[in-house]
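Undergrad: the sequence and its predicted three-dimensional model are supplied below.
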Amino acid sequence: MDAEEAVFVDGSPCIVLDSVRMSYTVPTTDHVADGDLTFIRKVVRKVAGHQSTVKVHALNELSLVVERGESLGIIGRNGSGKSTMMKLISGQETATAGAVYASSTPIMLGVNAALVPDLSGDQNVVLGCLAMGMDRHAIAEKFDSIVELSGLEKSIHLPMKSYSSGMGSRLRFAIAAAVNPEILLVDEALNTGDAQFVDRSRRRMAELRDNAGCVFLVSHSLETIRDMCSRVIWLDHGDLIMDGDPQETTAAYKNFTDHLAKGNNVSAARIKDDARANLVATQVLPRITGRRKGAGQ
């Protein structure tokens with residue numbers, strides 16, 4: 001791509017991914033790795049500790065800048081690299097190459113809030129808020145609003161292990177959003193819950209953006225993405241395919257998946273190739289400030 005076609009970013013964004021790439025080495029039982037060994041002999045070799053490995057490219061090289069006030073939706077098929085990107089941004093994993101810069105510590109649902117299944121919901125509210133650095137006075141002030149946002153009502157007094165996955169996700173979201181994080185990462189948690197919870201969470205995310213923060217939202221619900229995001233990226237097999245307006249990006253992705261569902265693989269590939277051909281690359285200037293999370297730490 002010619003230099004004039006690239007977008008150069010020089011400022012103080014919330015998150016910068018600078019030429020980030022992520023790959024894993026995993027075991028494989030593929031016949032290519034073990035030659036003409038029979039299936040039984042492969043199993044014996046595996047039990048004995050003789051395993052072949054293969055490199056999996058979870059995220060191919062890409063650069064991305066997310067400004068303050070943005071709500072970024074991330075869409076794509078399973079295995080496209082969505083969760084890998086979230087783990088790199090949150091600091092759970094270190095990139096194979098490149099670096100991730102953050103203006104403050106990202107808060108990811110279920111990561112910073114270390115909740116205990118045997119404890120009640122209200123006890124977990126206290127525990128989760130303490131884990132994120134809040135004092136007891138601040139927790140007392142925020143407690144009612146956390147319960148209201150979660151929508152758990154009297155269930156807040158029951159053990160968390162009795163909650164459905166949706167109830168647990170809503171509680172995690174309510175706790176994580178209580179500390180006014182500058183960078184909030186939400187992975188599938190908003191796919192569950194009634195219309196009232198969706199409305200409450202949408203308002204809370206708007207408040208976070210208004211306070212000069214940014215929100216990352218991974219979801220398979222295109223409606224949720226369109227409603228809650230100001231910008232959407234589409235990932236596929238570790239590649240960045242599209243980055244732009246929520247309506248346009250989700251429409252292109254839906255067109256792609258609809259063709260795949262009908263078995264029209266050639267036309268689906270054409271849709272993806274056309275979208276990627278129109279992608280404008282991001283180049284990051286060297287004047288980056290903030291916390292760095294990346295290769296070579």
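TA: Structure received. Numbers count the residues shown, from 1 in each chain.
Undergrad: identify the residue spatially nearest to Phe216, adjacent ones excluded.
TA: Using CB to CB, 6 or more residues apart in numbering and skipping the chain neighbours, the partner closest in space to Phe216 is Leu185 (4.7 Å). Glycine gets a C-beta too; all of them are placed from N, C-alpha and C.
Undergrad: hang on, Pro117 is in a strand, isn't it?
TA: No. Under DSSP: H, G, I helix; E, B strand; the rest coil, Pro117 falls outside any strand and is assigned coil.
Undergrad: about what we covered before: export the helix or strand harbouring the residue nearest to Phe216 as PDB, just CAs?
TA: In this structure, Leu185 sits in strand 183-187 according to DSSP states H and E. Provided in PDB are the C-alpha atoms of strand 183-187 (Å, rounded to 0.1, in the frame of the first residue of the first chain):
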ATOM      1  CA  ILE A 183     -10.800   0.900  29.000                       C
ATOM      2  CA  LEU A 184     -13.500  -1.700  29.400                       C
ATOM      3  CA  LEU A 185     -13.400  -5.100  27.600                       C
ATOM      4  CA  VAL A 186     -16.700  -7.000  27.200                       C
ATOM      5  CA  ASP A 187     -16.600 -10.500  25.700                       C
END
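Undergrad: hang on, the residue nearest to Phe216 packs against Ala102?
TA: No. Applying CB atoms under 8 Å, one finds Leu185 not in contact with Ala102, separated by 10.6 Å.
Undergrad: which neighbours do those two share?
TA: Ile89 (CB atoms under 8 Å, 6 or more residues apart in numbering).
Undergrad: so which of those two has more stuff around it?
TA: Leu185 (27 against 20; other CB atoms under 10 Å).
Undergrad: for that one, list each beta-bridge partner.
TA: Met108, Phe216 (DSSP bridges).
Undergrad: need the contact list for the spatially most central residue of the chain.
TA: Centroid check for the chain by CA atoms, centre = their mean gives Met86 as the closest residue, at 3.6 Å. Met86 makes contact with 74, 108, 185, 187, 216, 218 under the criterion CB under 8 Å, 6+ apart.
Undergrad: neighbouring strands for the helix or strand containing the first one, and are they parallel or not?
TA: Pointing back at Ile74 there. In this structure, Ile74 is located in strand 71-75 according to DSSP H and E. If you go by DSSP bridges, strand 71-75 pairs up with strand 214-218 (parallel), strand 231-236 (parallel).
Undergrad: tell me the buried residues in the helix or strand where Lys254 lies?
TA: Per DSSP H and E: Lys254 is located in helix 246-261. Buried positions in helix 246-261, judged by neighbour count with 16 or more other CB atoms under 10 Å: 246, 249-250, 252-253, 256-257, 259-260.
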